[in-house]
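1. need a 3D model of the following:
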Amino acid sequence: MDTPPFSFDFPYASPRLPIFARNVVATSQHLAATAGLRMLAKGGSAADAAIATAIALTIVEPTMNGIGSDAFCILWDGEKLVGLNASGRAPALMTRARFEGRDKMPGEGWDSVSVPGCVSLWVELHRKYGKLPFADLFEPAIRYAHDGYRVSWMVAQQWARTIPRLKDQPGWATAFIPNGRAPLPGELWKFPAQAETLRKIAESGGEAYYRGELAQKMEAFAIECGGTLRASDLAAHQADWVDPIGLAYHGTSLHEIPPNGQGIAACMALGILENFDLTGFAPDGPEVAHLRIEAMKLAFADIHRHVADPRFMEVTPAQLLDKAYLKSRARLINARKAGCFGPGIPKLGGTVYLGTADESGMMVSLIQSNYAGFGSGVVVPGTGIALQNRASGFSLQPGHPNEVAPGKRPFHTIIPAFITKDGKPLATFGLMGGGMQPQGHMQVFSRIVDFGQNPQTAIDAPRWRVHENGELWLEPHMPVATADALAALGHNVVKTAWPSFDFGSSQIIWRYPDGGPYLGASESRRDGAAVGF
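-> I've put the predicted structure just below:
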């Protein structure tokens, strides 16, 4: 490609400022944000804008999601808060016996694929809350795929990093590195096969995907490669409307999708943190960071033992969120020493998050993901359908509530959130990034509620991440004094380098209490934007 006469190095900090508008879209890739904004400008609802943004993200940020993703959303429909769980279930042929002799579920290939659910979310959300014709919502994405778009900087980095992991998976290299390499920043990328697939989904209202030509192609490729997915599994899939769970923290409530998702961990960590007085401490100081970290570790220890498809759980979300129980867990925290609270440290992952809000008052918090970058690495030939690896979230531990079984939803990392106060909507809120998500939810929410930081500042602030191997990862802009103090408390501190994709990416749309404009804040760690009018 012809390259401009300058480098793509970014040695200087470039802070973002929030926007104010009556109609807002915020997401992790700017072209997708403008796709949603176009729907609002045409008179569409926040639901229309969310769907168009999600569809566009499958094209312009394929490193994190695709047409073979799962998805969830929480929305304020103008009167009440509702949730939609469009995560897929294990295929009928995905039995425990298939994995005999393994100690964990595979992370790549057909055996990591459960039924993809995102298309069902697009269809169901539009059926209930859409105003524009369904096919209109696909127009920006189809154009990006057919005519091409210039690959953004962060996406190009993620693309290149994925090659060693997925280059040998069925269909991936042919689809995503046809020239033997990832596209460069600013390089034109076209994917006409995906444009055609989106056209078929748009014209059929999703039927081609779950009960038609595309379902047959997915089955045929699975059979060819020895996978378990069948057209009958796709036809049996449905998205489910659910009641969000929530926890009030100092008068402000954080709401999450109930299990099979891990959002409950963020609520539990806040319920534990609420038992400590943070008054007088600095928001970036070691005292606050230590308490948050310990609360999160306790929450993880619980959810990785108990959270699964709710039909198989041995405890209820209400039991896990009981304030007396969380107070008893808080007593285990030593303010002067890092603790060890058992298993349950989360895995890495890749996801996209978006928020939309319109002047009628509808607000949508939506998350869509292939899990690990590009998911399973399986791409159905000639379709652009990159399938998620959500089945890797199952356990192989006999008798565990999350043990793999046909027709069962796996433990899920992707979690859209919503904030309310006194029963009224305050904000769409999310932070993508696998097991980082509940950790980020808790950190950002606490910064806003405990320290009065505005949403943009709260998501720009330095983050920590409890890693699966017991290490505590810190972002490079974490204050040195805080990092040193955490190490002195016994945390196994690892300082990361920029750019890192391990600390998530957040978007917030905050509603002014008088019904006036929204404040839109977008993550500086990605290529995204908050846009509005």
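2. where in the chain is pLDDT low?
-> Within the chain, the stretches with pLDDT under 70 are 1-3, 342-350, 515.
3. would you tell me which helix is longest in it?
-> When every helix of the chain is counted residue by residue (DSSP state H), the longest turns out to be helix 286-306.
4. buried stuff in the first helix or strand past that one going along the chain?
-> Next helix or strand after helix 286-306 toward the C-terminus (DSSP states H and E): helix 317-320. The neighbour-count check on helix 317-320 (16 or more other CB atoms under 10 Å) flags Pro317, Leu320 as buried. The C-beta positions use only the backbone N, C-alpha and C, and glycine is treated the same way.
5. just checking, what packs against helix 317-320?
-> Taking 3 or more CB pairs under 8 Å, 6 or more residues apart in numbering; DSSP states H and E as contact, the helices and strands that helix 317-320 lies on are helix 264-273, helix 286-306.
6. hey, C-alpha coordinates of the first one in CSV?
-> Taking only C-alpha atoms (Å, rounded to 0.1, in the frame of the first residue of the first chain), the coordinates of helix 264-273 have been written out as CSV:
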residue,chain,number,x,y,z
ILE,A,264,-22.4,-10.7,39.5
ALA,A,265,-18.8,-10.6,40.5
ALA,A,266,-18.6,-6.8,40.1
CYS,A,267,-21.7,-6.4,42.3
MET,A,268,-20.3,-8.8,44.9
ALA,A,269,-16.9,-7.0,45.0
LEU,A,270,-18.7,-3.7,45.5
GLY,A,271,-20.8,-5.3,48.3
ILE,A,272,-17.6,-6.4,50.0
LEU,A,273,-15.9,-3.0,49.4
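7. sorry, back to before: to Pro106, which of the helices and strands packed on helix 317-320 lies closest?
-> Counting by CB to CB, Pro106 lies closest to helix 286-306 out of those; the figure is 18.8 Å.
8. so the closest one versus helix 264-273, what angle?
-> Interaxial angle, helix 286-306 versus helix 264-273 (axes from the mean of the first three to the mean of the last three CA atoms, to 10 degrees): 130 degrees.
9. pull out the buried positions in helix 286-306.
-> Neighbour counts over helix 286-306 (16+ other CB under 10 Å) mark 286-306 as buried.
10. which elements pack onto it?
-> Judged by 3+ CB pairs under 8 Å, 6+ apart, the packing partners of helix 286-306 are helix 264-273, helix 317-320, helix 323-330, helix 436-451, strand 464-466, helix 480-488.
11. okay, these, which one's buried deepest?
-> The highest average neighbour count among those, using mean count of other CB atoms under 10 Å, belongs to helix 264-273 at a mean of 28.
12. how far does it sit from the chain's center?
-> Centroid separation between helix 264-273 and its chain, computed with CA atoms, centre = their mean, to the nearest Å, is 18 Å.
13. name the helices or strands packed onto that helix?
-> Other helices and strands packing on helix 264-273, by 3+ CB pairs under 8 Å, 6+ apart, are strand 245-249, strand 252-256, helix 286-306, helix 317-320, helix 323-330, helix 436-451.
14. returning to what we had before: mind checking which of the helices and strands packed on helix 317-320 is nearest Ser505?
-> Ranking these by proximity to Ser505 (CB to CB) places helix 264-273 first, at 15.8 Å.
15. so that closest one versus strand 245-249, what angle?
-> Going by the same axes, to 10 degrees, helix 264-273 makes 20 degrees with strand 245-249.
16. got a list of contacts for helix 264-273?
-> 245-247, 249, 254, 256, 258, 291-292, 295-296, 298-300, 302-303, 307, 317, 320-321, 323, 326-327, 329-330, 333, 415, 417, 437-439, 441-442, 445-446 (CB atoms under 8 Å, 6 or more residues apart in numbering).
17. ok, 6 Å please
-> Applying CB atoms under 6 Å, 6 or more residues apart in numbering, the contact partners of helix 264-273 are 247, 249, 254, 256, 295-296, 298-299, 303, 317, 320-321, 326, 329-330, 438, 441-442.
18. repeat that for stretch 153-164.
-> Residues from elsewhere that reach stretch 153-164 (CB under 6 Å, 6+ apart): Glu61, Thr63, Ala182, Leu184, Pro185, Gly373, Phe374, Arg526, Asp527.
19. and which of the residues you listed is nearest Phe429?
-> Among these, and counting by CB to CB, the member closest to Phe429 is Arg526, at 15.7 Å.
20. so that closest one touches Gly504, yeah?
-> No: under the criterion of CB atoms under 6 Å, Arg526 is not in contact with Gly504, lying 9.3 Å apart.
21. may I see the helices and strands packed on helix 317-320 arranged in a markdown table, with distance to Glu359 as well?
-> Below are those laid out as a markdown table (distance: least, CB to CB, whole Å):
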| stretch | distance to Glu359 |
| --- | --- |
| helix 264-273 | 29 |
| helix 286-306 | 36 |
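22. so which of the helices and strands packed on helix 286-306 gets nearest Tyr518?
-> Closest to Tyr518 of these, according to CB to CB: helix 436-451, at 15.2 Å.
23. could you point out which element follows the closest one?
-> Criterion used, DSSP H and E; the element after helix 436-451 is helix 455-460.
24. got the contact list for Gln453?
-> Applying CB under 6 Å, 6+ apart, we find Gln453 in contact with Arg447.
25. for it, grab phi and psi.
-> Per-residue torsions, Gln453: phi -70, psi 140 (degrees, to the nearest 10).
26. so how far is Gln443 from it?
-> 11 Å (CB to CB, to the nearest Å).
27. again, but for Leu321
-> As judged by CB to CB, Leu321 and Gln443 stand 19 Å apart.
28. ok, now Glu475?
-> According to CB to CB, Glu475 and Gln443 sit 11 Å apart.
29. identify the contacts common to the two.
-> By CB under 6 Å, 6+ apart, the residues touching both Glu475 and Gln443 are Arg463.
30. for the nearest residue to Ser112 once chain neighbours are set aside, what are its contacts?
-> Excluding the flanking residues, the one nearest Ser112 by CB to CB, 6 or more residues apart in numbering is Asn389, at 3.7 Å. Applying CB under 6 Å, 6+ apart to Asn389 gives the contacts Gly107, Ser112, Tyr371, Ala372, Gly375, Ser376.
31. the last one belongs to a strand?
-> No: in this structure, Ser376 is coil, not part of a strand, as judged by DSSP: H, G, I helix; E, B strand; the rest coil.
32. kindly report the domain assignment for this structure.
-> The record's domain parsing of the chain by automatic domain parsing lists 19-237+367-393, 242-348+415-532.
33. would TSV of those domains with distance to Gly355 be doable?
-> Converted to TSV, these look like this (distance: least, CB to CB, whole Å):
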stretch	distance to Gly355
domain 19-237+367-393	5
domain 242-348+415-532	3
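34. just name the most buried of these.
-> Ranked by mean neighbour count, the domains of the chain are led by domain 19-237+367-393 with a mean of 22 (mean count of other CB under 10 Å).
35. measure that one end to end?
-> With CA to CA, to the nearest Å as the measure, domain 19-237+367-393 spans 37 Å from end to end.
36. what's in contact with stretch 242-261?
-> Residues outside stretch 242-261 that contact it (CB under 6 Å, 6+ apart) are 72, 74, 81, 83, 85, 263, 267, 270-271, 274, 307, 309-310, 317, 321, 409, 412, 415, 417-418, 420-421, 445, 449.
37. quick one: residues in contact with stretch 511-518.
-> If you take CB under 6 Å, 6+ apart as the criterion, stretch 511-518 is touched by Phe20, Ala21, Arg22, Val24, Ala357, Pro425, Leu426, Ile509.
38. please flag which of those residues sit within helices.
-> Within the contacts of stretch 511-518, no residue falls in helices by DSSP H.
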